[in-house]
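Colleague: Next comes the sequence, and after it the predicted model I'd like to discuss.
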Amino acid sequence: MTTETRHIRIDKPRPLDKSWLPWGGSPSARDLVCWYSVWLVFAYSFAMWPLKPWLIGTHPVLLEVLTGDQSTMTVAGAFARVGETPFVLALIAGVVGMMKFAWVFWLAGRLWGAGLVRLLAGPPDERKKKRSRGLLARDTPANRRVIAAAVVLAPLPLIPSAPAFASAGWVGMSLPTFLTLNLIGSATWAGLFTGLGFAIGSPAVQIAEKVTDYAIWVSLAIVAAMLLLRLASSLRAARKSP
């Protein structure tokens, strides 16, 4: 008599095989590349915050490209007013800074649609507090004109840019159309903030230079604030969990 030993293979679920993730199952290679690209963009954005005080008073145009931050555009416009940099260069740098990662969210929205938009918009209670988030994060996509307007207005603080860009991909907006709308919005708002800095001139330059003089302390304050916000968010989530 022979005894047969059978090896039964048990496939364990992988960490990203979760139903709540936007692809709803086992991700493909394309899903994984796009997923990690999205989170690299977020990680990059957070990493730039402590760097801002070091560059804003010395290289605001470079900082515009790196961050696409509106306050930096204002400072760059002020530097243009005092002759430190050409105004057109400051304007173009702001446009590039705002547009450089927008296509990543458009592509992710094209891949995953509603699942990603809801994930980016946050939990339901947060959507209720911010009407613009709830307007985009629905079971069916928002009106195409609403999404087009959101893409143009995305540089404004009240508009959630990532869900707006993802919604454009969700409704099937072509990449050329999306980039054209994004360019219109970015050029408009970059012109507004850069022009504001040009009008302010020397006082804005002096403030930026003073921030850079104390960059190490400002950076430490930013890092401490980010850690405290993270801790507060974790504590709030822990209280809500059963």
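Modeller: Looks like it came in fine. This is a predicted model, so every value here is computed, not measured.

Colleague: what about Ala168, neighbour count?
Modeller: For Ala168, the neighbour count with other Cβ atoms under 10 Å is 29. C-betas here are computed from N, CA, C, even on glycine.

Colleague: Run through who's touching the helix or strand containing it.
Modeller: Here Ala168 sits within helix 161-170, counting by DSSP states H and E. Under the contact criterion Cβ atoms under 8 Å, 6 or more residues apart in numbering, helix 161-170 has outside partners 102-103, 105-111, 113-114, 116-117, 120-121, 133, 136-137, 141-142, 147-148, 150-151, 153-155, 178, 181-182.

Colleague: which SS state does Pro22 fall under?
Modeller: Secondary structure, DSSP: H, G, I helix; E, B strand; the rest coil: Pro22 is coil.

Colleague: What separation do you get for Val151 and Ile200?
Modeller: 29 Å (Cβ to Cβ, to the nearest Å).

Colleague: Toward the C-terminus, what is the element adjacent to the helix holding Ala168?
Modeller: Past helix 161-170, the next helix or strand by DSSP H and E is helix 175-200.

Colleague: Go through that following helix and flag the buried ones.
Modeller: Neighbour-count burial for helix 175-200 flags 178-179, 181-182, 185-187, 189-195, 197-198, 200 (criterion: 16 or more other Cβ atoms under 10 Å).

Colleague: got it, and stretch 86-97?
Modeller: 87, 90-95, 97.

Colleague: Okay, and which of the contacts of helix 161-170 map to helices?
Modeller: Within those, membership in helices is found for 102-103, 105-111, 114, 116-117, 120-121, 133, 136, 147-148, 150-151, 153, 178, 181-182, as judged by DSSP state H.

Colleague: Gly197 touches Ser71, doesn't it?
Modeller: No: the criterion here is Cβ atoms under 8 Å, and Gly197 misses it with Ser71 at 9.0 Å.

Colleague: End to end on stretch 96-106, go ahead and measure it.
Modeller: The first and last residues of stretch 96-106 sit 17 Å apart, counting by Cα to Cα, to the nearest Å.

Colleague: Share the number of residues neighbouring the closest residue to Gly113 other than its chain neighbours, please.
Modeller: Excluding its sequence neighbours, the residue lying closest to Gly113 (Cβ to Cβ, 6 or more residues apart in numbering) is Trp170, at 4.3 Å. Counted with other Cβ under 10 Å, residues neighbouring Trp170 total 25.

Colleague: ok, now Trp103?
Modeller: Around Trp103 there are 16 residues (other Cβ under 10 Å).
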